[in-house]
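Peer 1: next comes the sequence, and after it the predicted model I'd like to discuss.
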Amino acid sequence: MISSAAGVRALEIAQRFGVETEVFDAASLHLKRQEYDRLIMNSLNRRGISSKSGLVVLAGFDRILSQEFVREFAGRLINIHPALLPAFKGLHAQKQALEFGAKVSGCTVHFVVPEVDAGPIIAQKAVEVEEGDTEESLSERILVEEHRLLPKAIQLFASGRLKIEGPRVLVS
């Protein structure tokens, strides 16, 4: 597991289960996007994860990846986003949903493409927006569904059940 920030809970969980971890603290490294992404690509490649094998999963990764990174892992790079794409792309999706007056929000697992939050959709889960919701309360309910949806999407990928056809993902 590679993290862009030290001290995140996912690192503790990964270590508890014996998963190798590495931190490239984006805030302290002060690298250009391509330099930072090359660090991660090199780390992944050393572990046998490449364009031909493995899966790169972005979760809580609030950085836009370079074109080089996205091309290198095309079809093997997925992201979880806290909105029902194609609505509310980018940062602060829950805030966007509330400001828009959406009645339903949720989360989406999708393949990453060069355009932010625009890749073929693997799976989605809706979450109702409740009266009086704040960005924090909506985010908490969406996070619960993200924790359920992402493992399912990873399992579909690992079992070879996903096929990208143009803008769509077919699940067999």
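Peer 2: That came through, no problem.

Peer 1: give the next helix or strand downstream of the helix or strand hosting residue 163.
Peer 2: Per DSSP states H and E: residue 163 is located in strand 162-165. Toward the C-terminal end, the helix or strand that comes next after strand 162-165 (DSSP H and E) is strand 168-171.

Peer 1: so residue 34 touches residue 68, yeah?
Peer 2: Yes: contact criterion C-beta atoms under 8 Å: residue 34 and residue 68 qualify, at 6.3 Å. In this view, the C-beta of every residue, glycine as well, is placed from N, C-alpha and C.

Peer 1: one step back: other residues contacting the strand holding residue 163?
Peer 2: Residues from elsewhere that reach strand 162-165, judged by C-beta atoms under 8 Å, 6 or more residues apart in numbering: 75, 111, 120, 122, 156, 169, 170, 171, 172.

Peer 1: tell me how far the last one lies from residue 165.
Peer 2: Using C-beta to C-beta, to the nearest Å, one gets 12 Å for the distance from residue 172 to residue 165.

Peer 1: now do the strands in this structure.
Peer 2: 2-3, 22-23, 56-58, 77-81, 104-111, 121-128, 162-165, 168-171 (DSSP state E).

Peer 1: and the lowest-mean-pLDDT helix or strand in the chain, what does it pack against?
Peer 2: Scoring the helices and strands of the chain by mean pLDDT, DSSP states H and E places helix 26-29 at the bottom, with a mean of 88. When contacts are defined as 3 or more C-beta pairs under 8 Å, 6 or more residues apart in numbering; DSSP states H and E, helix 26-29 sits against helix 33-46.

Peer 1: could you pull out the buried residues of the helix it packs on?
Peer 2: Residues of helix 33-46 classed as buried: 36, 37, 38, 40, 41, 44 (neighbour count, 16 or more other C-beta atoms under 10 Å).

Peer 1: other residues contacting that helix?
Peer 2: 2, 22, 24, 26, 29, 31, 50, 54, 56, 63-66, 68-69, 72-73.

Peer 1: dump the buried residues of helix 33-46 into a markdown table; add distance to residue 90 and pLDDT as well.
Peer 2: Shown next, in a markdown table, are the buried residues of helix 33-46 (distance: C-beta to C-beta, whole Å; pLDDT from 0 to 100):
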| residue | distance to residue 90 | pLDDT |
| --- | --- | --- |
| 36 | 19 | 95 |
| 37 | 18 | 96 |
| 38 | 24 | 95 |
| 40 | 21 | 95 |
| 41 | 23 | 95 |
| 44 | 25 | 95 |
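
Peer 1: so how far is stretch 37-52 from its chain's centroid?
Peer 2: Relative to its chain's centre, stretch 37-52 lies at 17 Å (C-alpha atoms, centre = their mean, to the nearest Å).
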